[in-house]
Each structure stands twice: as C-alpha cells, then as structure tokens.
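Trainee: build me a model:
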Amino acid sequence: MNPHIDWNFLRTKLQRGRWQPMYNSEIHGYLKTLLKESYPDRTDLAEEYLAVFHNWIHSSQLNKLLGLDTFPHRDICVGVTHSLDDLHVCHGGRLVALEKEYKYHWRIRPEMKMKKEEELSEGDVLVLSLPFCNSGNIHYNMDNILKICLEKNIPLHIDSAWFEACRDIYFDYSHSAIQSVSFSLSKGLGLGAYRTGIRYSKERPPGPVTITNDFRFYVHSSLWIGLKFMEKFSPDYLQNKYYKLYKEVCNKLELKTSSTIFVAYEKNQDGNYYPVGLRPILRWISEQRY
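Mentor: So this is what the prediction gives:
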C-alpha cells in the first residue's frame, strides 16, 4: 500500500446512494481485442453458451451454489434486467418487492408495491435480489423469507446479478418456493453494455424471455463475447484481483466488509452502518487513476 495515499481525499470518493460495479483496464483491453475479431456464424452458439454458463457458475472456488440442476428450463436473457421485465409483464400488479430492493422495479412501474416481510400475503409474487442489492450479502432474514413464501404459497423469483462479484455466498436454489433465478455477466465481468445472461425456471412463463428463446432472437455477438470472457476470466476474477486491496481500504477507512467486492459499510453519526460503493477507490489505487 502506498504510504503517500491521501485517505481523507479518498473517503470523499465513496459512492453513496448509487454505487457502480467494478470495471477495469484488463477487462476493457480484452474487450477491445475481441471487437476487432469476427464472431462465428454458428447455429449451436446458444446451446454452447447455456452449457458453458452453467458450468462456469459452478466453477467458483469462493462461492457454493446448489440446486440449479433442479430447474428443468434454461433460457438466454439479455442481462438479468430482461428477466425482471419478464416478471413485470407476466405478473403485473401481483409482483412485489421488499424494502430497499433494486430501484429499477419502480423506474418501470412506479406503482409497484413495496412490502415488509410480515406484509407478504397469498397472491403476491416476490422478486428478491441475492446477494441483496442494498447490502451486498444474502438478505439477513433469508430463511424467514423462504419460510413465509412456502407457507403462503408465494412464488419467489431470484435476481442473482451480483453473484460474480461476491465471495462466501452459500445458497441452495432448490427450495420449493423458488420458481426462477437469473444470472448475468454484467457485474462480474464488466459486460453491462453487452447484456447477456441466463435464466433458470421451473416453468417457462409466456413472457419476453421465453418468446425470445423460442424464436431464437439472440444477440449472437453478445453470446460470443460472453463465451470468450467466461473462457478467460473465472467467476472469482474480481475477488481474486481486488480482495486484498478491498480489505486494506476497509481497514484504513474504518468500513465493514460485505460479500460484494464493490460494496462496504460506513458508520454514520448515529452509529448505524449504511452501504457505500468502493469502485472509484479500488480503481484509483490499483491503476493509479481516478
């Protein structure tokens, strides 16, 4: 660690309110090389992508995800956001979320209901991020949420967009309340502009994701770029590259760590901790530019 780092200055670069996922020069440099190549015109690209993505998720040495093999259907989605749009189209006003969930839901449907766990009731359809987007960890009350969904017959749909930026995530998706789960390469490999992901489901709803896959309306260039990135980078890439620095930054700035590499917790004047984003600081120190 550079002894001349101005930590008071860097504290002003903590992202409060909206934090950005990691992106770095190595990712950008590799992407530039791929953009100079021609992607193959292959009829089996989608099938290869789904198989590789499934195996790639399970290749993590820092996280352990169980139960994905219990989902009979796998579909390509244009990022996890595509699967979230699908939920809104298919479930309309029945779709609800917990407090502090991903704000995208209210951007596309401001009237969407925000509920506390004890307010969930039969007839609701719950969407939940895991890791939870306001904490960078599995929701602190996940066991109770699963219990409520099971007891009240509430279908649960999981948004796991942050998985590739995490460590110490241990979760079994085979729980009978969970109806679908989606992953993407945006947060872990910096491919937000290329919008590529995978959705697992117990039943394929008649929404945009299913229609896109049935008619094979794929963005083939994004599938190919995703395959090349998964070949080069592991799902633990960001944690392996930044974890030591992340711990040092949290120590210097007196932050609590989370499971997500670009999120930590800062104590406010009341002694409570709230999440902050670390991307500008991690990038500035590791690449000496802001």
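Trainee: name the strands paired with the strand ranked longest in the chain and say parallel or antiparallel.
Mentor: Longest strand of the chain, by residue count under DSSP state E: strand 178-184. Sheet pairing for strand 178-184, assigned by DSSP bridges, gives strand 156-159 (parallel), strand 197-201 (antiparallel).
Trainee: and the longest helix that the chain contains, what does it pack onto?
Mentor: Counting by DSSP state H, the longest helix found in the chain is helix 237-252. Contact here means 3 or more C-beta pairs under 8 Å, 6 or more residues apart in numbering; DSSP states H and E; on that basis helix 237-252 packs against helix 186-189, strand 256-257, strand 263-267, helix 279-287. Every C-beta, even on glycine, is put in place using the N, C-alpha and C of the backbone.
Trainee: ok, the closest residue to W19 other than its chain neighbours - contacts?
Mentor: Closest residue in space to W19, ignoring its immediate chain neighbours: G277 at 2.2 Å, by C-beta to C-beta, 6 or more residues apart in numbering. By C-beta atoms under 8 Å, 6 or more residues apart in numbering, the residues touching G277 are L14, Q15, R16, R18, W19, Q20, F262, V263.
Trainee: could you identify the buried members of the residues you listed?
Mentor: Using 16 or more other C-beta atoms under 10 Å as the burial test, those include L14, Q15, W19, F262, V263 as buried.
Trainee: hmm, which of these is lowest in pLDDT?
Mentor: Least confident of the buried ones among the contacts of G277 in the model: W19, at 82.
Trainee: next SSE after the helix or strand hosting R107?
Mentor: Taking DSSP states H and E as the criterion, R107 maps to helix 104-108. Once helix 104-108 ends, the next helix or strand along the chain (criterion: DSSP H and E) is strand 113-115.
Trainee: still on that earlier bit, who's the residue nearest to W19 bridged to?
Mentor: G277 has these beta-bridge partners by DSSP bridges: Q15, V263.
Trainee: from C250, how far out is it?
Mentor: Note on G277: its distance to C250, by C-beta to C-beta, to the nearest Å, is 13 Å.
Trainee: again, but for T210
Mentor: Remark: distance between T210 and C250 (C-beta to C-beta) = 42 Å.
Trainee: then S221?
Mentor: For S221, the distance to C250 - C-beta to C-beta - is 38 Å.
Trainee: all helices of the chain, in order?
Mentor: Using DSSP H, the helices of the chain run over residues 7-11, 25-35, 45-58, 80-91, 104-108, 142-151, 186-189, 208-214, 220-232, 237-252, 279-287.
Trainee: which residues are contacting the shortest one?
Mentor: Residues outside helix 186-189 that contact it (C-beta under 8 Å, 6+ apart): 21-22, 27, 79-80, 161-165, 192, 195, 197, 229-230, 233, 235, 237-238.
Trainee: for the protein, which residues score under the pLDDT cut-off?
Mentor: Counting by pLDDT under 70, the chain shows low-confidence ranges at 1-3, 289-290.
Trainee: phi, psi of the spatially most central residue of it?
Mentor: Nearest to the geometric centre of the chain sits A161, at 1.7 Å (C-alpha atoms, centre = their mean). Phi and psi for A161, reported as degrees, to the nearest 10, are phi -60, psi -30.
Trainee: packing partners of the helix holding R107?
Mentor: Using 3+ C-beta pairs under 8 Å, 6+ apart, the elements in contact with helix 104-108 are helix 80-91.
Trainee: if anything else comes up later, I'll come back, but that's it for now.
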